[in-house]
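> sequence and predicted structure are below.
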Amino acid sequence: MKTRKAITVMVMWMMAFMVFGAMPVQSQEYAYTQVIVTIAQSKSFSVTLNGQAATNSNPTFPGTATQVIWFNGTTGNEQAVNATVAGASAQVGPWPACTTPIEVFKNTGNVNLRFNVFQNNTIACTTFMYNASMAAGSTTGTANATLGVIDAAGSAFVSGLGMNNQTNLCIWSNFSACGGGSYYTTFNYTSN
């Protein structure tokens, strides 16, 4: 009887081997390939003055010039004077409730940008102030909505501005005992 059971078990093993084939113990080996995707960083932006076409940034200082901005006074002691684009309309909204900015900055590159503004040479009798806000539809970035001063030291008016996002910049001037005539300065904008 034992021999018969042993033969039966052996026959079953042989049939299983013929049906399923040899089933060796499988061990696994591993390898991997690291994949890196590199996209060149592009830091660029455009500036659009109220009523004007966009001006694209330039990687060489001082950059590309926009149209001229004017601050017009009559007594030399005015406060919160709105900026005006030469030959175009003025910024809308007295300080601090600007509803139509004098400048709109758009990130045209592919990395988030921080924008700074500084005054190239100061005018002793004039203080320039600004505030910024995110443009409609722009969701990536933090605009400096508090009142800032544009001076030679520079000031950040927006940080983390995402690709194709825009920020509005409103600028006012306070005059203090300015004599008659014209005074000149330059606002320089940098991104990093």
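That came in fine, so what should we check first?

> C-alpha only now, for contacts and for neighbours.
Noted.

> list the beta-bridge partners for the residue most central in space within the chain.
Central residue of the chain (C-alpha atoms, centre = their mean): Leu161, 2.2 Å from the mean position. Here Leu161 sits in beta bridges with Leu113, going by DSSP bridges.

> pretty sure it contacts Thr140?
Yes - Leu161 lies in contact with Thr140 (C-alpha atoms under 8 Å); the separation is 5.6 Å.

> am I right that Thr48 is in a strand?
Yes - with DSSP: H, G, I helix; E, B strand; the rest coil as the criterion, Thr48 is assigned to a strand.

> who are the neighbours in contact with it?
54-55, 103-105 (C-alpha atoms under 8 Å, 6 or more residues apart in numbering).

> roughly how far apart are it and Tyr32?
49 Å (C-alpha to C-alpha, to the nearest Å).

> how about Phe175?
With distances taken as C-alpha to C-alpha, Phe175 is found 68 Å from Tyr32.

> neighbour count winner among the two?
Phe175 (22 against 5; other C-alpha atoms under 10 Å).

> any idea how far Cys178 is from Trp70?
Counting by C-alpha to C-alpha - Cys178 and Trp70 are separated by 15 Å.

> go on, Leu161?
Distance from Leu161 to Trp70, counting by C-alpha to C-alpha: 27 Å.

> give the contact list for the residue nearest to Thr48 when sequence neighbours are not counted.
Spatial nearest neighbour of Thr48, excluding adjacent residues (C-alpha to C-alpha, 6 or more residues apart in numbering): Ala54 at 4.3 Å. Residues near Ala54 by C-alpha under 8 Å, 6+ apart: 46-48.

> list the buried ones in stretch 71-84?
71, 73, 76, 78, 80-84 (16 or more other C-alpha atoms under 10 Å).

> enumerate every residue touching the closest residue to Ser46 other than its chain neighbours.
Among residues not flanking Ser46 along the chain, Asn56 sits closest, at 4.3 Å (C-alpha to C-alpha, 6+ apart). Going by C-alpha under 8 Å, 6+ apart, Asn56 touches 44-47, 64.

> Throw the contacts of Ala54 into a markdown table and include pLDDT, thanks.
As requested, the contacts of Ala54 are exported to a markdown table (pLDDT from 0 to 100):
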| residue | pLDDT |
| --- | --- |
| Ser46 | 93 |
| Val47 | 93 |
| Thr48 | 91 |
